[in-house]
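S.K.: Provide a 3D model corresponding to the input given below.
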Amino acid sequence: MKFRSFRNYPFQSGLEIQLPMAKFLVLMILLSFWGGFISGQKPGLEAPYRIHTLFSVECQNYFDWQTVGFMHSFKKAQQPGPVTRLLSCTEEEEKNYKGMDLAPTLEVPSMSRHPKTGDWYPAINKPAGIVHWLKHSKDAQNVDWVVILDADMILRGPIIPWELGAERGRPVAAYYGYLVGCDNILAKLHTKHPELCDKVGGLLAMHIDDLRVLAPLWLSKTEEVRDDRAHWATNITGDIYGQGWISEMYGYSFGAAEAGLRHKINDDLMIYPGYIPQPGVEPILLHYGLPFRVGNWSFSKLDHHEDGIVYECGQLFPEPPYPREVKSMESNRNKRRGLFLSIECINTMNEGLLLEHARRGCPKPKWSKYLSFLKSKTFAELTQPKLVTPHTIQSDVAEEKEIDEPTRPYPKIHTIFSTECTPYFDWQTVGLMHSFHLSGQPGNITRLLSCTDEDLKQYKGHDLAPTHYVPSMSRHPLTGDWYPAINKPAAVVHWLNHVAIDAEYIVILDADMILRGPITPWEFKAARGRPVSTPYEYLIGCDNVLAQLHTRHPEACDKVGGVIIMHIDDLREFALLWLLKTEEVRADKAHYATNITGDIYESGWISEMYGYSFGAAELKLRHHISSEILIYPGYVPEPGVKYRVFHYGLEFKVGNWSFDKAKWRDVDVVNKCGATFPDPPDPSTIEQTDENLLQRDLLSIECAKTLNEALRLHHKRRNCPDPNALPNPEFHTTKDITHSKKFGSFAGNGDIKLNPVPRNHSLESSLPKVTDGLFSTLRFWIILLWVFSGLGFLLVMLVVFSGYKGMGSLKGKGNKNRRRSYTGFLKVNGRDRQTRKSEASL
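M.R.: Purely as a prediction, here's the structure:
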């Protein structure tokens, strides 16, 4: 529609008077949408749908690079509503802190050193910071839903509480199964409603009214559990360090129980990189609290604890494999998805670092293939926001059906292994736990630790693994027979009778094993009544008089051992038979001969293995026997088989180098700073013309390297000094650990944060200061915009009124010029919108 001048249509003066008003209204609508756009608030986020995201950090480089990754992913994921970083600093720390502009920030007084008890516990800053935010931040008065995350997380899509099922009184949370204290005396001591204790954490989405009730309880319960040192033991808390480090997590669960909050627990929204996602599930949150690996590349956040990578121009984390390389690594679709999630996590953090360096005025980095990839359309498409909707999940499940993947939820798994209170088993535990976290093995793990009371008094390795303590049967209480191997079935029986187990399948390993990948019942076809195990062909007693003497069903005797996957119901029926049959075979000294048992020492040492096979035969448990799960280093692998476990029970060699676990029986490499095993040869130095022998040697080297990597990380967690600065101990020590932190070696268990060295911090609380440069500036300009709009309205009305009086003097040219000016504004506004949309897609 064209508007013409008064000169041609004097009778339409009323319409002409309305013309500036119409333009003005259109202008105001555009300005409103533009103001809403730049303020970071999506249209429609009004009460009762206002969301605010919180995360807690401290004044350290370690948290600064996590903040950069978090904030970048927050924008990429298009998470609605504002975000606030709760920054806990002492006054001394604040003087030298460089990262105040990394995120919208509320400074809160540090409680790392408790103002009353003097206890050093930085994790308490999380609930303390939230209490402070509720009390001092105006944002807390203008919000309906709160999403609470950790800094070491990457968002992949928006987290909308009500879309996830959150209701008032029913928060949504991720599952933290290792919080075993919800099932034992810990909950009974610290909450009046232990039956309401939920094992949750990580991702929390709740109504603001619930948070106001919960937050002070969360803080007080954290202090309470932290002060309860008598119940810090691993078998009570699940804390592998036994140092009360996860008191804050229990503070949340116990506080929520006190408040009567029952959670909707979702185990699919959040995933640890390195874990395998469930079929048909699209995680929207990556929590990189544990080390993870893709091929020969790995990442552990603990390798970068002191890293100033945010402030070092051009520095990024080690680049992971490219998607094309990942495709060739794994044929299984779901496992490949897991690898893609791992590289997406680190690539998103590196992209955030690039943008942060540019914002800080760093020189443009030199071109590289990796930088080109991060800026590519391919990467942008791979990291588009993921939306979690019922329709999306259903369609993914339908796609899984086409390739015959199981669509029902996978059963829960729990891994157990048996050890004793000796240095020999401690270094094996360090190796197994390190490999467990790298392998992507689902579920929790428990060490069954058999100790005498006297051994326990002197024992130093309580923090090496989540532990269930059992009475030692090394010296049989009735016969006096010395046979430590009996502790394995005895410990399993004790564990079954003293722990509330929520897993459907149990994976049983030996301590002298290294995991290379997940061992799952669905992949290896375990079922109720059909356990899975690996072949132990030397158990010839299954075929002779030994089986006829010790089981009513010798035909059901399977020659198996090493790795066992068994349904929990089968294990409950079977465990006691395993123990009884072990005692029975052990007592049958008349049949210890090698030609009957296969035991080259003829000492009855493998009685426990026969106890297992004969006990299973009694129940007619027939095993799926797989030769693709386990390999002994030094054995020639079958071509194309991806073995999941190294069992280094026998000596193995590569050239002139060799390793025999028995030679390290009395050497304490765990408590000796810097101690490792002799380094194996470099793979590049191997000269093998036979491909089978080459693969054998490479596997042997991998096993030994993993053990040494585990020990090095263990010493690092223990705050051992750099081994290069130490005199060589009596046995071999690490030769070369001069890695850059940004290009470091493999790291191990990172699920529990390191306890920083206490410092003499000021305990004075500072007044709350809000540093929210981005959002406060936007609010200021929006308010200013509306003020000018009001003044503009008055000016327009004045012009219109004057024009009405002097209608005859108006010229079409002037009217045309006004239209041109207005159109120019729309063009500028349109370009601004397009620019902001481009920035939002980074």
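S.K.: at which residues are the helices of the stretch 251-400 of the chain located?
M.R.: When assigned using DSSP state H, counting those that start in this stretch, the helices of the stretch 251-400 of the chain occupy the ranges 323-329, 333-359, 369-374, 377-382, 390-402.
S.K.: which of these is buried the deepest?
M.R.: When neighbours are counted by mean count of other CB atoms under 10 Å, the highest per-stretch mean among the helices of the stretch 251-400 of the chain falls to helix 333-359, a mean of 21. Backbone N, C-alpha and C define where each C-beta goes, glycine included.
S.K.: by contact count, what packs against that one?
M.R.: Based on contacts counted as 3 or more CB pairs under 8 Å, 6 or more residues apart in numbering; DSSP states H and E, the elements that helix 333-359 packs against are helix 61-76, strand 153-155, strand 285-287, strand 292-294, helix 323-329, helix 369-374, helix 377-382.
S.K.: could you dump those into a markdown table and include mean pLDDT and distance to Tyr601?
M.R.: Supplementary listing: those in a markdown table, determined by pLDDT from 0 to 100; distance: least, CB to CB, whole Å:
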| stretch | mean pLDDT | distance to Tyr601 |
| --- | --- | --- |
| helix 61-76 | 97 | 52 |
| strand 153-155 | 97 | 53 |
| strand 285-287 | 96 | 48 |
| strand 292-294 | 93 | 38 |
| helix 323-329 | 92 | 42 |
| helix 369-374 | 94 | 56 |
| helix 377-382 | 91 | 57 |
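S.K.: may I see those arranged in a markdown table, with distance to Asn656 as well?
M.R.: Conversion of the helices and strands packed on helix 333-359 to a markdown table gives the following (distance: least, CB to CB, whole Å):
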| stretch | distance to Asn656 |
| --- | --- |
| helix 61-76 | 42 |
| strand 153-155 | 46 |
| strand 285-287 | 44 |
| strand 292-294 | 29 |
| helix 323-329 | 32 |
| helix 369-374 | 39 |
| helix 377-382 | 46 |
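S.K.: would you tell me which of these gets closest to Asp426?
M.R.: With distances scored as CB to CB, the stretch of these nearest to Asp426 is strand 292-294 (23.9 Å).
S.K.: which one of the helices and strands packed on helix 333-359 lies nearest to Arg586?
M.R.: Closest to Arg586 of the helices and strands packed on helix 333-359 is strand 292-294 (CB to CB; 40.9 Å).
S.K.: what helices or strands is the closest one leaning on?
M.R.: In this structure, strand 292-294 makes packing contacts with strand 297-299, helix 333-359, judged by 3+ CB pairs under 8 Å, 6+ apart.
S.K.: again, only using 6 Å
M.R.: Taking 3 or more CB pairs under 6 Å, 6 or more residues apart in numbering; DSSP states H and E as the contact definition, the neighbouring helices and strands of strand 292-294 are helix 333-359.
S.K.: what angle do the helix it packs on and helix 61-76 make?
M.R.: Note on geometry: by axes from the mean of the first three to the mean of the last three CA atoms, to 10 degrees, helix 333-359 and helix 61-76 are set 100 degrees apart in direction.
S.K.: just to revisit the earlier point, identify whichever of the helices of the stretch 251-400 of the chain lies nearest to Lys589.
M.R.: Lys589 lies closest, by CB to CB, to one member of these: helix 333-359, at 48.2 Å.
S.K.: quick one: mean pLDDT over that closest one.
M.R.: Model confidence over helix 333-359 averages 95 on the pLDDT scale.
S.K.: to the chain's geometric centre, what's the distance from it?
M.R.: The offset between the C-alpha centroid of helix 333-359 and the centroid of the whole chain comes to 14 Å, using CA atoms, centre = their mean, to the nearest Å.
S.K.: circling back: out of the helices of the stretch 251-400 of the chain, nearest to Ser435?
M.R.: Between Ser435 and the helices of the stretch 251-400 of the chain, the shortest separation by CB to CB is 16.6 Å, and it involves helix 333-359.
S.K.: ok, then the element right after the lowest-mean-pLDDT helix or strand in the chain?
M.R.: The helix or strand of the chain with the lowest confidence, counting by mean pLDDT, DSSP states H and E, is helix 390-402 at a mean of 33. Using DSSP states H and E, the helix or strand that follows helix 390-402 towards the C-terminus is strand 413-420.
S.K.: outside of that following strand, which residues touch it?
M.R.: For strand 413-420, contacts defined as CB atoms under 6 Å, 6 or more residues apart in numbering pick out 425, 429, 442-450, 487-488, 491, 503, 505-509, 511.
S.K.: make it 8 Å
M.R.: The contact list for strand 413-420 (CB atoms under 8 Å, 6 or more residues apart in numbering) reads 425-426, 428-429, 432, 436, 441-451, 455, 472, 474, 484, 487-488, 491-492, 495, 501, 503-511, 513, 519-521.
S.K.: mind saving the C-alpha coords of it as PDB?
M.R.: Provided in PDB are the C-alpha atoms of strand 413-420 (Å, rounded to 0.1, in the frame of the first residue of the first chain):
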ATOM      1  CA  ILE A 413      26.000 -53.400  36.100                       C
ATOM      2  CA  HIS A 414      28.300 -53.500  39.100                       C
ATOM      3  CA  THR A 415      31.900 -54.600  38.800                       C
ATOM      4  CA  ILE A 416      33.700 -56.200  41.800                       C
ATOM      5  CA  PHE A 417      37.200 -57.600  42.400                       C
ATOM      6  CA  SER A 418      38.900 -59.100  45.400                       C
ATOM      7  CA  THR A 419      42.200 -58.100  47.100                       C
ATOM      8  CA  GLU A 420      44.100 -58.300  50.400                       C
END
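S.K.: now it: average pLDDT?
M.R.: Averaged across strand 413-420, the pLDDT comes to 97.
S.K.: and the angle for whichever helix or strand comes after it with strand 413-420?
M.R.: Read in the C-terminal direction, the helix or strand following strand 413-420 is helix 423-439, with elements assigned using DSSP H and E. Orientation of helix 423-439 against strand 413-420 (the same axes, to 10 degrees) gives an angle of 160 degrees.
S.K.: just checking, what packs against helix 423-439?
M.R.: strand 413-420, strand 444-451, strand 513-515, helix 691-717.
S.K.: ok, back up a step: which of the contacts of strand 413-420 are buried?
M.R.: For the contacts of strand 413-420, a burial check counting by 16 or more other CB atoms under 10 Å picks out 425-426, 428-429, 432, 436, 441-451, 472, 474, 484, 487-488, 491-492, 495, 501, 503-511, 513, 519-521.
S.K.: what's across from Trp297 in the sheet?
M.R.: Using DSSP bridges, the bridge partners assigned to Trp297 are Val294.
S.K.: residues touching it, list them.
M.R.: Listed by CB under 8 Å, 6+ apart, the contact set of Trp297 reads 318, 320-321.
S.K.: now stretch 442-452: how far from the chain's centre is it?
M.R.: For stretch 442-452, the distance to the chain centre is 21 Å (CA atoms, centre = their mean).
S.K.: swap in stretch 685-698?
M.R.: Using CA atoms, centre = their mean, the mean C-alpha position of stretch 685-698 is found 36 Å from that of the whole chain.
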